[in-house]
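**Q** Kindly generate the corresponding structure for this input.
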Amino acid sequence: MRLFALCIAFACAYAAAQPLPVTISGTVPDEATRAAILQRARALYGPARVVDQLAVGNVVAPPNWSAHMQKLLSEPLKQVTQGQLTVEGNRVGIRGDVANEALRQEVASELANSLNPTYTVSNGLRVNAPAQKLLDTALARRIIEFESGQAVIRPSGLQILDEMAAAMVQIGGRKVEVIGHTDNTGSREANLALSLARAGAVRSYLSAKGIAAASISVAGAGPDQPLADNASPEGRARNRRIEFRVAD
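**A** Next up, the predicted model:
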């Protein structure tokens, strides 16, 4: 028996000229549940923002699961940026950035109150908004470009990283996670490896510019968190990106 899984990824909204997408992925037990979740997400965030990667499969959900999931998709989530809501079995996890400690507690509490006692909620929210905003402003939605299929940063990307290094100095040695992303061209396994290698190349460059390597962690998300539709060249270009996230 395989339990259902649901993941909702919130893109960072800081310094954005327009609201960025919210990706819904995972596996649910039937088409009616899938449609209900997507309908609720689109009502909450707007139809244009929701990226649908939700599948129907041979999974088992607890009683009234669909109703509980729709309750989870509530206004408090709009206070969270650059994070994820995950559901695995009866375990719910929320992570991401919020503006202050009171909001961190409030969001997790409201999520827990929307569920019955059989569910547990893990609060992984962080109060990192000021530092995160500085990094997002420095990046300004620009794409750090690499040579095709390689982890070699192009000159235009190096110029952006010079600005990111200056921003990282300003946040006072806070630890930063560098996350590589790709489009969906090719196999997922190859894209995961490429995204990690590119994040590693960014860390190496920033370290050479004087940022302590110990303050930078790397991760590769491959094609799993797109910002745009991979059906167009423009969308694929937006999805090939590096993300900077202030860590705990």
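**Q** Burial check on Gln150, number of neighbours?
**A** Gln150 has 12 neighbouring residues, counting by other Cβ atoms under 10 Å. (Each C-beta comes from the backbone N, C-alpha and C, glycine too.)
**Q** which residues touch it?
**A** When the contact criterion is Cβ atoms under 8 Å, 6 or more residues apart in numbering, Gln150 has no partners at all.
**Q** Over to Glu234?
**A** Contacts of Glu234 by Cβ under 8 Å, 6+ apart are Ala228.
**Q** Check which helix or strand it maps to.
**A** Following DSSP states H and E, one finds Glu234 within helix 233-239.
**Q** what's the model's confidence in that helix, averaged?
**A** Mean per-residue pLDDT for helix 233-239: 88.
**Q** Kindly report the same for stretch 196-215.
**A** So the average pLDDT for stretch 196-215 ends up being 96.
**Q** just stretch 100-115 next, same as before
**A** 86.
**Q** do the same with stretch 157-164
**A** Here the average pLDDT along stretch 157-164 is 95.
**Q** That one: how far from the chain's middle?
**A** 22 Å (Cα atoms, centre = their mean, to the nearest Å).
**Q** now do stretch 36-55
**A** 15 Å.
**Q** beta partners of the nearest residue to Leu111 once chain neighbours are set aside?
**A** Nearest non-adjacent residue to Leu111, counting by Cβ to Cβ, 6 or more residues apart in numbering: Val121, 5.4 Å away. On the basis of DSSP bridges, Val121 is bridged to Val92.
**Q** which element is Phe244 on?
**A** Using DSSP H and E, Phe244 falls in strand 241-246.
**Q** CA atoms of that strand as CSV?
**A** What follows is strand 241-246, C-alpha atoms only, in CSV (Å, rounded to 0.1, in the frame of the first residue of the first chain):
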residue,chain,number,x,y,z
ARG,A,241,18.2,29.0,-13.0
ILE,A,242,20.1,29.3,-9.7
GLU,A,243,18.2,30.1,-6.5
PHE,A,244,19.8,31.7,-3.4
ARG,A,245,18.0,30.8,-0.1
VAL,A,246,19.0,32.1,3.3
